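Colleague: coordinates only, sequence not included:
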């Protein structure tokens, strides 16, 4: 009976949208993160339904395809195929799709420049080996916050700009295979029908569904000469408590654009204990918060799209000693904050149950300020310290929680 109710809800929501040409963020998230879509794993039936849903929304808003159709093929290697077939020599090549729409600019000259507004559509499917799941149990990984929330916000901006275009053209894209290494965004940039230097800015939405106390992290604030100024101007207007991350380097699709010398804006409300688990469900999101962020980022995109001069790219100086995940023999079992949102140390966004950090008493949101007697300044120094440690070692860690410093002993 419960499943019948969900299917009926989805059917009515999609048909109501089709008839009235309206769009509702919450309905979109509930559909994309439903049992029917089975976690939107690339090249599955659920992925196909998600892709067709986004294309249908573009069509309803009279948004043109950037290519011949809304679809751009994305080729990836499915590592899960090795886990399920021990006789297979290597990962199986599969095909999924980016979904790409275009709103042409209204200025006869500036319309030949482009803003890209994007969010990744894929998620982890049913979890399991080599999926990226942080859960030991298989089951539908709904991906409501990650990243149905970002896709819904992107589509809401498409609705707004279809009514009121900017001087520059805007490309809207739902990326495939972000979870597999930003594959969709990389292949999008490789297949552009125009010169890449015509892209003047990129806005990326990844996990924007859990706004609390109006706190938002915005990455890429130093990737152009005017980005920080633009971000702060509108955050004050909307009473948002912004944490800035200057870099364009992070594990999300804007990084592909930053690598091509394009200014980027990366918006996220951060991860929590539901990240990459079956518990990332639509009922846990703050839909009023997503609507607020839609209004905020609409103003940012509008300014970038209408300003007289385009943003001038700046390469952010990154720390020399970055460390390497591949070189590490040990792990604490946590997802670090890659945005550099804290003034000191590095925040543990999500601490995995049963792993060394969890066993030592570390909690989600703790800020690691010292490991093994060495200061942790950011994610790079954190990785550098871990890279020198051996399995079986017990180390001291200093963390900050609610403004108080605590010491933990962690057995690696």
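Modeller: Structure received. Worth saying up front: this structure is predicted, and the values here are computed from it rather than measured. Numbering: from 1, shown residues only.

Colleague: In its sheet, which strands sit next to the longest strand seen in the chain, and in what direction?
Modeller: Longest strand in the chain, counting residues (DSSP state E): strand 92-103. Partners of strand 92-103 in the sheet, by DSSP bridges, are strand 64-65 (antiparallel), strand 71-78 (antiparallel), strand 169-175 (antiparallel).

Colleague: Deepest in the core, which of these is it.
Modeller: Highest mean neighbour count of these: strand 169-175, a mean of 26 (counted as mean count of other Cβ atoms under 10 Å). For the C-beta atoms, the positions are set from N, CA and C on the backbone; glycine is no exception.

Colleague: returning to that earlier point: show me what counts as buried in the longest strand of the chain.
Modeller: Burial within strand 92-103, assessed by neighbour count using 16 or more other Cβ atoms under 10 Å, is assigned to 92, 94, 96, 97, 98, 99, 100, 101, 102, 103.

Colleague: Now do the strand or helix carrying residue 56: everything it contacts.
Modeller: Secondary structure assignment for residue 56, by DSSP states H and E: helix 45-60. Residues outside helix 45-60 that contact it (Cβ atoms under 8 Å, 6 or more residues apart in numbering) are 14, 17-18, 21, 23, 28, 31-32, 36-41, 65, 70-71, 96-97, 99, 101, 121-122, 125, 151, 155, 158, 172, 174, 176.

Colleague: Run the chain-centre distance for it.
Modeller: The chain centre lies 19 Å from the centre of helix 45-60; the measure is Cα atoms, centre = their mean, to the nearest Å.

Colleague: now do stretch 172-186
Modeller: Distance, centroid of stretch 172-186 to centroid of chain: 10 Å (Cα atoms, centre = their mean).

Colleague: Ends of that stretch, what's the gap?
Modeller: Using Cα to Cα, to the nearest Å, the end-to-end distance of stretch 172-186 comes to 15 Å.

Colleague: Give the rounded mean pLDDT of it.
Modeller: The average pLDDT for stretch 172-186 rounds to 97.

Colleague: for stretch 365-376, same thing?
Modeller: Averaged across stretch 365-376, pLDDT comes to 94.

Colleague: if we can go back for a sec, for the longest strand of the chain, what is the average pLDDT?
Modeller: Per-residue scores along strand 92-103 average to 95.

Colleague: One more: stretch 120-131?
Modeller: Here stretch 120-131 scores 93 as its mean pLDDT.

Colleague: Okay, domains of the protein per the record?
Modeller: With automatic domain parsing as the criterion, the domains of the chain are listed as 24-306, 325-411.

Colleague: So residue 279, which state does it fall into?
Modeller: coil (DSSP: H, G, I helix; E, B strand; the rest coil).

Colleague: Not counting sequence-adjacent ones, nearest residue to it?
Modeller: Of all residues not flanking residue 279 in the chain, residue 273 sits nearest, at 7.5 Å (Cβ to Cβ, 6 or more residues apart in numbering).

Colleague: about what we covered before: can you tell me which of the strands paired with strand 92-103 is nearest to residue 209?
Modeller: Set against residue 209 and scored by Cβ to Cβ, these come closest in strand 169-175, at 16.0 Å.

Colleague: After the longest strand of the chain, which helix or strand is next?
Modeller: strand 114-120.

Colleague: strand partners of that next one, parallel vs antiparallel please.
Modeller: Using DSSP bridges, strand 114-120 pairs in its sheet with strand 169-175 (parallel), strand 199-205 (parallel).
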